[in-house]
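Engineer: could you look at this predicted model? Sequence included:
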Amino acid sequence: MKTLSRDDRLLLLKFVCAFAWADLEVNTKERSFVHALVKRLQLDAEEKALVEGWLEFPPKPEEVDPNKVPARHRKVFLDTARDLISADGIVDEAEAENFALLEDLLSGH
């Protein structure tokens with residue numbers, strides 16, 4: 001993850017927040033996962049504020065376009081999305097469907 005540019009880090013967090021919203025709510029464990037990721041990525045105050053906004057209101061669909069994910073970072077995006085959807089111990093149908101779609105799009109199927 002250290003190789004992610006600022007834009008790529010923010011795009012990753014948009015995807016993660018969008019997945020957190022898949023079941024129409026962001027629960028405590030998902031929120032904690034996002035906050036831990038923010039800390040791990042060492043975001044600055046402005047970037048943290050953006051992420052907090054995405055936890056309050058989901059990113060717009062056009063902002064989480066899988067075509068914007070750089071090929072070299074696809075595995076990081078998939079692994080992080082998978083970790084987020086399993087953070088609360090429950091993977092609901094919407095989360096599973098969204099993940100399968102992302103996986104298909106990023107793997108070129």
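Structural biologist: Arrived safely.
Engineer: by contact count, what packs against the least confident helix or strand in the chain by mean pLDDT?
Structural biologist: Lowest by mean pLDDT, DSSP states H and E among the helices and strands of the chain is helix 93-107, with a mean of 91. If you count contacts as 3 or more Cβ pairs under 8 Å, 6 or more residues apart in numbering; DSSP states H and E, helix 93-107 packs onto helix 6-20, helix 74-85. No exception for glycine: its C-beta is placed from N, CA and C like everyone else's.
Engineer: give me whichever of these is most buried.
Structural biologist: helix 6-20 (a mean of 21; mean count of other Cβ atoms under 10 Å).
Engineer: return it as PDB; C-alpha atoms alone will do.
Structural biologist: Presented in PDB, the C-alpha positions along helix 6-20 are these (Å, rounded to 0.1, in the frame of the first residue of the first chain):
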ATOM      1  CA  ARG A   6      -2.300  10.200  -2.900                       C
ATOM      2  CA  ASP A   7      -5.000   9.900  -5.600                       C
ATOM      3  CA  ASP A   8      -4.900   6.100  -5.500                       C
ATOM      4  CA  ARG A   9      -5.100   6.100  -1.700                       C
ATOM      5  CA  LEU A  10      -8.200   8.300  -1.900                       C
ATOM      6  CA  LEU A  11      -9.700   6.100  -4.600                       C
ATOM      7  CA  LEU A  12      -9.100   3.000  -2.500                       C
ATOM      8  CA  LEU A  13     -10.900   4.600   0.400                       C
ATOM      9  CA  LYS A  14     -13.800   5.700  -1.800                       C
ATOM     10  CA  PHE A  15     -14.100   2.000  -2.800                       C
ATOM     11  CA  VAL A  16     -13.900   0.900   0.800                       C
ATOM     12  CA  CYS A  17     -16.500   3.400   1.900                       C
ATOM     13  CA  ALA A  18     -18.800   2.400  -1.000                       C
ATOM     14  CA  PHE A  19     -18.500  -1.200   0.100                       C
ATOM     15  CA  ALA A  20     -19.300  -0.200   3.700                       C
END
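Engineer: now the element after that helix, going C-ward?
Structural biologist: helix 28-40 (DSSP states H and E).
Engineer: so how far is that next one from its chain's centroid?
Structural biologist: 11 Å (Cα atoms, centre = their mean, to the nearest Å).
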